[in-house]
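**Q** mind looking at a prediction? Sequence and model below.
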Amino acid sequence: MYVKRSQRLNLGESKILNCVTIVKIIVYIYTDPLLDVLPTHSDWGWEVDRIYEDLGKRTQLQQLLTDCQSQTETVNYLLVRRLEELGDTLTEVSDRLKQLETMGVVVIATQQPYTSNSSQIRSELLELLQEIQNQHRSRRIRQGHARNRLKASPPPGKSPYGYRRGQGKYIIDRTTSPVVKDFFEHFLLYGSLRAAVRFLSKKYGKNISVTTGRRWLTNPVYRGDTAYQNSEIISNTHAPIISRAEAAQVDRLLRRNSILPPRTASAPRSLAGLVVCHQCQSQMIVTRVTQSHQNKEYLYLRAIKCPQQPKCRAIPYQVVLEKTIDSVCRDLPLAVAGMNFPQLDIIKNSLGNSISRQQEILQQLPNLIETGILDPETAKLRAYKLRTEISQLQAKLAILPPVNLRSVAQAVSIPQFWLDLSEVERRFYFREFIQQIQIIRQNQEWYLQIIFIF
């Protein structure tokens, strides 16, 4: 389509067109499917006659050069985002620029300071040469990493502790993996990150920081998945150290601990971090009182930042503990019964069906390659996207409450169950169900109100 324009070009033009001219403007866009997102047709600021787009191969670029050479109407301007889109090497880019310049086409890079008919073209091109070369080198490196992702190979860098590299994937290191396994088991048993870190130091002499321990707990590698720098995850790429059920439990414990006051996750008392005074809204801590020349100690729950005058008085810890057990045994089954399990089942079934559909498509890809519908490179790219989508769906499924919550609630509603536990074990189960315990005072009396997590 040819349109008459008088002042259509205003990017670096040295002279103003005073007469009506016929100008043709085309655009070239190159997208690497391994690295780039498919572009949307944006406003170039120009009235564009035609857009040539390439995905992976540069067939449309060859068509563009052919059209510029064979058409009776001259192409005046070619717009590109960056010059490196014209070729995979600096030599290819230079050759195509010369070819276009010979045909009288002005090349304008919209994201670089380059216009081929500028009076400073030589100096500008020399300044851009190093940048173009660096961009090509960077793309080659990223393309190599992208190809490894399509093969579900581990990313570059040191293997996580407990694994080593072999056969293009992570392999469990039998000398160090028991350390990681015991770390996870201790955390799952007691729900305390700091305690698990101290456990490793005491049993194995393996000293890690709390930050490192948290990275271990959230690292997809230990769950049999591979995570890449672009935050995409592919599931089931190698043998896991912990199971899917254990991984889901770890995530629930981490979410639960994140809402607790600092350092209470590893506190020795089961009610630590859970009790709040409803009257002054202050967190209540466990304090220990002893008497001179006596070994006996007395435990109290005391508001740490009470603004009241007089301050809210402390309450015996054992009394609060007994009332908490009674309330849990009485109210927990009712709270679980009030959950909308049919709606939860619908969500789980929907996610499960979506995962099954994606897996069916994944299994069909080899047949599509054999029949020639897909080439191997496109099939690998499609398989990679399907596997990342499956990983995302599995992550959504993992954060849902366990299906046996109702039976668990019935089991823990027996008072003897709580009395047979140690304080550390009791702490674990309290935090599995309880979000907060409020002490509500009325005159000289008080009572408990338990807020469950669900």
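**A** Happy to help now that I have it.
**Q** shaky segments in the stretch 251-400 of the chain?
**A** Along the stretch 251-400 of the chain, segments meeting pLDDT under 70 span 340-341.
**Q** what are the boundaries of the strands in it?
**A** 275-277, 284-290, 297-303, 315-316 (DSSP state E, counting those that start in this stretch).
**Q** among these, show me which one is buried the most.
**A** Most buried of the strands of the stretch 251-400 of the chain by mean neighbour count (mean count of other CB atoms under 10 Å) is strand 275-277; its value is a mean of 22. Bear in mind the C-beta positions are built from the backbone N, C-alpha and C, glycine included.
**Q** packing partners of it?
**A** Contacts defined by 3 or more CB pairs under 8 Å, 6 or more residues apart in numbering; DSSP states H and E place strand 275-277 against strand 284-290, strand 434-442.
**Q** in TSV: those, plus distance to residue 69.
**A** Formatted as TSV, the helices and strands packed on strand 275-277 follow (distance: least, CB to CB, whole Å):
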stretch	distance to residue 69
strand 284-290	82
strand 434-442	72
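**Q** between the ones you listed, which gets nearest to residue 172?
**A** strand 434-442 (36.7 Å; CB to CB).
**Q** re the thing from before, residue 201 is nearest to which of the strands of the stretch 251-400 of the chain?
**A** Residue 201 lies closest, by CB to CB, to one member of the strands of the stretch 251-400 of the chain: strand 284-290, at 25.3 Å.
**Q** give me the contacts around the closest one.
**A** By CB atoms under 8 Å, 6 or more residues apart in numbering, the surrounding residues in contact with strand 284-290 are 267, 269, 271-272, 275-277, 296-304, 314-315, 317, 439.
**Q** how about residue 306, what does it touch?
**A** Residue 306 neighbours (CB under 8 Å, 6+ apart): 277, 280, 282, 312.
**Q** in JSON lines: those, plus distance to residue 424.
**A** Formatted as JSON lines, the contacts of residue 306 follow (distance: CB to CB, whole Å):
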{"residue": "277", "distance to residue 424": "25"}
{"residue": "280", "distance to residue 424": "29"}
{"residue": "282", "distance to residue 424": "25"}
{"residue": "312", "distance to residue 424": "28"}
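**Q** confirm that residue 188 sits in a helix.
**A** Yes. Looking at residue 188 with DSSP: H, G, I helix; E, B strand; the rest coil, it is inside a helix.
**Q** let me know whether it touches residue 253 as I believe.
**A** Yes. Counting by CB atoms under 8 Å, residue 253 is a contact partner of residue 188 at 7.3 Å.
**Q** more neighbours, the two?
**A** Using other CB atoms under 10 Å as the criterion, residue 188 and residue 253 rank with residue 253 on top: 21 against 16.
**Q** for the contacts of residue 306, which one is nearest residue 75?
**A** For the contacts of residue 306, the nearest to residue 75 is residue 282 (75.4 Å; CB to CB).
**Q** spatially nearest residue to that closest one (excluding sequence neighbours)?
**A** residue 303 (3.9 Å; CB to CB, 6 or more residues apart in numbering).
**Q** residue boundaries of the helices in the stretch 201-350 of the chain?
**A** 210-218, 244-258, 317-337, 341-370 (DSSP state H, counting those that start in this stretch).
**Q** of all those helices, which lies closest to residue 133?
**A** helix 341-370 (35.7 Å).
**Q** report the buried residues of the closest one.
**A** Of the residues in helix 341-370, 351, 354-355, 358, 365 count as buried by neighbour count, 16 or more other CB atoms under 10 Å.
**Q** now do stretch 192-199
**A** 192-193, 195-199.
**Q** same check on stretch 410-419?
**A** 412-413, 418.
**Q** secondary structure and pLDDT for those - can I get that in JSON lines?
**A** What follows is the buried residues of stretch 410-419, written out as JSON lines (DSSP: H, G, I helix; E, B strand; the rest coil; pLDDT from 0 to 100):
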{"residue": "412", "secondary structure": "coil", "pLDDT": "87"}
{"residue": "413", "secondary structure": "coil", "pLDDT": "89"}
{"residue": "418", "secondary structure": "helix", "pLDDT": "92"}
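**Q** out of those residues, which one sits closest to residue 207?
**A** Among the buried residues of stretch 410-419, and counting by CB to CB, the member closest to residue 207 is residue 418, at 35.3 Å.
**Q** ok, the closest one to residue 83 distance?
**A** For residue 418, the distance to residue 83 (CB to CB, to the nearest Å) stands at 71 Å.
**Q** same question, residue 140
**A** The value you get for residue 140 to residue 83, if CB to CB is used, is 17 Å.
**Q** comparing these two, which residue is more hemmed in?
**A** Higher neighbour count among residue 140 and residue 83: residue 83, with 24 against 11, using other CB under 10 Å.
**Q** contacts only, for that one.
**A** By CB under 8 Å, 6+ apart, residue 83 lies in contact with 93, 97, 107, 109, 112, 114, 128, 132.
**Q** just the ones in strands from those, please.
**A** 107, 109, 114 (DSSP state E).
**Q** one step back: looking at the helices and strands packed on strand 275-277, which is closest to residue 53?
**A** strand 434-442 (53.2 Å).
**Q** let me know the angle separating whichever helix or strand comes after that closest one from strand 434-442.
**A** Sequence order places strand 445-452 as the next helix or strand after strand 434-442, per DSSP states H and E. Strand 445-452 runs at 160 degrees relative to strand 434-442, counting by axes from the mean of the first three to the mean of the last three CA atoms, to 10 degrees.
**Q** could you say what helices and strands strand 445-452 packs with?
**A** For strand 445-452, the packing partners by 3+ CB pairs under 8 Å, 6+ apart are helix 317-337, strand 434-442.
**Q** for those, give me TSV that also has distance to residue 102 and mean neighbour count.
**A** Output for the helices and strands packed on strand 445-452, formatted as TSV (distance: least, CB to CB, whole Å; neighbours: other CB atoms under 10 Å):
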stretch	distance to residue 102	mean neighbour count
helix 317-337	78	17
strand 434-442	74	16
